[in-house]
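A.B. asks: quick one, what's the 3D model for this:
(one chain, ligands or ions: 1)
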Amino acid sequence: MIDKLVEKIKKTKAPIEVGLDPMLSYVPEHIKEKAYKDFGETLEGAAEAIWQFNKAIVDATYDLIPAVKPQIAMYEQFGIPGLMAFKKTVDYCHSKDLIVIGDIKRGDIGSTSGAYATGHLGKVMVGSKSYYGFDEDFVTINPYMGTDSVQPFIDVAVPEKKGMFILTKTSNPSSGEFQDQLVNGRPLYELVAEKVVQWGEQHMGTCGYSYVGAVVGATYPEMGAVLRKLMPKTYILVPGYGAQGAKGSDLVNYFNEDGLGAIVNSSRGIIAAYKQEKYAKFGPENFADASRQAVIDMREDIGSAIG
Ligand SMILES: O=C(O)c1cc(=O)[nH]c(=O)n1[C@@H]1O[C@H](COP(=O)(O)O)[C@@H](O)[C@H]1O
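C.D. replies: Prediction:
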């Protein structure tokens, strides 16, 4: 999948993933009205509304982008119907040949991580049969519990030729509370980066990048520069563009000289673009066209920054 990701990034010239993080407050009234008419003001109605919202955005953007990143929390808030909308979204994106990065941020003791990995990347055995659960192509992982919490994801991902992105330096304002603490004189995020390299070095794609990637927030570009150098063969998932304030000019440090090595996420900035002044002319009826324009603008912004 890392090879397919790189190939699709080269083809689309868009190192961009659309974050499918639907909140009901982003879903235009006409979609909610129809969903509530069909399913009532229920969890099923909410799940139908976010699914229809996602589908329209995917239909409007899939030809421009290599990947999507659905954030599972946005679906879990609607319980089982929400999870069904998550799965429907994953499958629909696959039908459009998009790479799906499941933003699940998991990590636990080995046996539990193994079950998470099976459910999201691999197949579960039921008697003599085996079934994919959610079947994403990549997942996000929290490495706080150490190697035995990460290894089960690698064990499942590698034979499936899938991958993962490991939280290294996150984009949020408090990320430094733990991640910037000095350990033996060095910030913890650098030690995590070295582990990410070690975990991934045996599992390289033919493109020269590892199946094991890292998450580094766009909101800390100086740290991004250090981490890029520490992890030259690691693909970096870069959140924080748009709604969290980062711009194209903040992203130059995250790419290698070949113009590859990073994929930038924007969620609210794209899926709720129609609510921004800049895209207000589209109106709620044409929200998906506003999302398409936001992807085109993001591609230009990043392209002109990285050259
Ligand atoms: O792993 C992530 O994707 C992630 C890591 C991080 O450091 N910061 C971060 O914002 N994210 C996710 O990236 C998305 C950002 O959303 P927007 O701020 O709306 O673009 C959300 O799904 C977050 O959960």
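A.B. asks: residues contacting P284?
C.D. replies: Contact analysis of P284 by CB atoms under 8 Å, 6 or more residues apart in numbering lists 28-30, 274. All C-beta atoms are positioned from the backbone trio N, CA, C, and that covers glycine.
A.B. asks: which of these count as buried?
C.D. replies: 28, 274 (16 or more other CB atoms under 10 Å).
A.B. asks: which one of the contacts of P284 is nearest the ligand?
C.D. replies: Within the contacts of P284, proximity to the ligand (CB to the nearest ligand atom) peaks at Y274, which comes in at 14.5 Å.
A.B. asks: sec struct for that closest one, please.
C.D. replies: Three-state assignment for Y274 (DSSP: H, G, I helix; E, B strand; the rest coil): helix.
A.B. asks: mind checking how far it is from N286?
C.D. replies: Using CB to CB, to the nearest Å, Y274 is found at 7 Å from N286.
A.B. asks: please apply the same query to L5.
C.D. replies: Counting by CB to CB, the gap from L5 to N286 is 30 Å.
A.B. asks: the two: which is more packed in?
C.D. replies: L5 (25 against 17; other CB atoms under 10 Å).
A.B. asks: got a list of what that one touches?
C.D. replies: By CB under 8 Å, 6+ apart, the neighbours of L5 are 66-67, 99, 137-138, 163, 235, 263.
A.B. asks: format the CA atom coordinates belonging to stretch 241-251 as PDB.
C.D. replies: Included here for stretch 241-251 are C-alpha records, laid out as PDB according to Å, rounded to 0.1, in the frame of the first residue of the first chain:
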ATOM      1  CA  TYR A 241      -3.400  22.200   7.800                       C
ATOM      2  CA  GLY A 242      -6.300  24.600   7.500                       C
ATOM      3  CA  ALA A 243      -8.600  24.500  10.500                       C
ATOM      4  CA  GLN A 244      -5.700  24.200  12.900                       C
ATOM      5  CA  GLY A 245      -3.900  27.100  11.300                       C
ATOM      6  CA  ALA A 246      -1.000  25.600   9.200                       C
ATOM      7  CA  LYS A 247      -0.500  26.800   5.600                       C
ATOM      8  CA  GLY A 248       1.500  25.500   2.600                       C
ATOM      9  CA  SER A 249       4.600  27.500   3.600                       C
ATOM     10  CA  ASP A 250       4.700  25.600   6.900                       C
ATOM     11  CA  LEU A 251       5.000  22.300   5.100                       C
END
